[in-house]
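Asker: this one's structure only:
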């Protein structure tokens, strides 16, 4: 972030803090199909607002993946519309269509909608937009706001932020990891977060069904476009055979991404009459362009979308887009 951008970022953080301190009530939520960053930053923000004495509500009506339920323990989740609120904080969501319908309807009653996100595809839907594509995670940005509010960083706030940080940086291994990411981690660890314990809970606690499904998926990996693309599939049959909840699928694309010599990894997950597509770029290919063209979004190096059709036709569509895009770089 250059000097001018950093000044603008800090000014926006300060403006948001002032709005929150003068609000009558704040509703907080994030995107559907939650991940560690979305859950982590909304829990931390809700706890920070409560600690500051600000009337706040954590709005959530969907399921939470089992692996992440520990993050939301001891939270008061509000499923019905509160009476006293005038401000909304939307975290880690690129556009309004990624929000739960009930929360999206509540935004109509807000004087101020605050949009805090790090996705390149963000539609700038807020009245105040704090969008920084150089931030590794929404959790990293949430910590900046929490500290601007003057909230003392506690373990209960730091733990969900750390989960968000390591989720979106791939345990500090992705290209979005930077100096600020590590400084944020140091800040969170300083109040008692134990990286090894978090790692064990997230990565050494798998159901055997997960491992068996992973085995089936790994057998599906194929190289395309002369070895530049690795495609991994999770079909409905695989999910049925292993009696596995698709909401618990995570991390499979990293095995395709690990293949030597590829530029892009693609995960295709079949669900009803549509396919959920995740893409990871290891080089200069901006996969966000493809995701946005197909109604999705994300980052230059990591993006996704949902495409109607069977898994074979969707794979052809993705490969055609990739071939065209990669050809433009020559």
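Answerer: All right, it came through fine. It should be emphasised that the depicted structure is a prediction, and the values quoted were computed from it without experimental measurement.
Asker: average pLDDT for the helix or strand harbouring residue 7, rounded please.
Answerer: In this assignment (DSSP states H and E), residue 7 forms part of helix 3-21. Average pLDDT, helix 3-21: 91.
Asker: for the nearest residue to residue 283 once chain neighbours are set aside, which residues are in contact?
Answerer: Take residue 283 and drop its neighbours on the chain: the residue closest to it by C-beta to C-beta, 6 or more residues apart in numbering is residue 263, 4.6 Å away. Heads up, the C-betas are built off the backbone N, CA and C, glycines and all. For residue 263, the contact set (C-beta atoms under 8 Å, 6 or more residues apart in numbering) comprises 228-229, 281-283, 285, 326.
Asker: can you do 10 Å?
Answerer: 225, 227-230, 280-285, 287, 322, 326, 329 (C-beta atoms under 10 Å, 6 or more residues apart in numbering).
Asker: equivalent analysis for residue 47, please.
Answerer: Neighbours of residue 47 in contact, by C-beta under 10 Å, 6+ apart: 28, 56, 58, 74-75, 146, 151, 154, 156-161.
Asker: these in helices, which ones?
Answerer: 146, 156-161 (DSSP state H).
Asker: quick one, domains of the protein?
Answerer: 3-202, 208-327 (automatic domain parsing).
Asker: sorry, back to before: among the contacts of residue 47, who's most crowded?
Answerer: Note: the member of those with the most neighbours is residue 161, at 31 neighbours, neighbours being other C-beta atoms under 10 Å.
Asker: count the residues that sit near residue 277.
Answerer: Residues near residue 277, counting by other C-beta under 10 Å: 24.
Asker: what about the nearest residue to it once chain neighbours are set aside, neighbour count?
Answerer: Leaving aside its sequence neighbours, residue 277 sits nearest to residue 305 (C-beta to C-beta, 6+ apart; 5.2 Å). Using other C-beta under 10 Å, the number of residues around residue 305 comes to 22.
Asker: so what strands line up beside whatever helix or strand residue 305 lives in?
Answerer: Per DSSP H and E, residue 305 falls inside strand 302-308. If you go by DSSP bridges, strand 302-308 pairs up with strand 274-281 (antiparallel), strand 297-298 (antiparallel).
Asker: which one of these lies nearest to residue 252?
Answerer: strand 274-281 (8.6 Å; C-beta to C-beta).
Asker: next, the buried residues of the helix or strand just after the closest one.
Answerer: Proceeding N to C from strand 274-281, the next assigned helix or strand is helix 287-293, under DSSP H and E. By 16 or more other C-beta atoms under 10 Å, the buried positions in helix 287-293 come out as 287-292.
Asker: same deal with stretch 8-19?
Answerer: For stretch 8-19, by 16+ other C-beta under 10 Å, it's 9, 12-13, 16-17, 19.
Asker: now swap in stretch 205-224 and tell me
Answerer: 210, 213-214, 216-217, 224.
Asker: could you flag which of the contacts of residue 263 are buried?
Answerer: Looks like these have 225, 228-230, 280-282, 285, 287, 322, 326 buried, using 16+ other C-beta under 10 Å.
Asker: and these, which two are furthest apart?
Answerer: 225 and 280 (15.3 Å).
Asker: where do the helices sit along the protein?
Answerer: Using DSSP H, helices in the chain cover 3-21, 36-51, 101-106, 138-148, 155-169, 179-189, 195-203, 208-219, 236-241, 253-257, 287-293, 311-327.
Asker: now render these as CSV, adding distance to residue 276.
Answerer: Shown next, in CSV, are the helices of the chain (distance: least, C-beta to C-beta, whole Å):
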stretch, distance to residue 276
helix 3-21, 32
helix 36-51, 16
helix 101-106, 19
helix 138-148, 21
helix 155-169, 18
helix 179-189, 27
helix 195-203, 21
helix 208-219, 13
helix 236-241, 12
helix 253-257, 11
helix 287-293, 11
helix 311-327, 9
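Asker: least reliable of the ones you listed by average pLDDT, please.
Answerer: helix 3-21 (a mean of 91).
Asker: need the contact list for the nearest residue to residue 37 once chain neighbours are set aside.
Answerer: Leaving aside its chain neighbours, residue 37 sits nearest to residue 164 (3.9 Å; criterion: C-beta to C-beta, 6+ apart). By C-beta under 10 Å, 6+ apart, the residues touching residue 164 are 30, 35-44, 71, 91-92, 136-143, 184, 188.
Asker: circling back to that earlier point, from the buried residues of stretch 8-19, which is closest to residue 48?
Answerer: Among the buried residues of stretch 8-19, and counting by C-beta to C-beta, the member closest to residue 48 is residue 17, at 10.7 Å.
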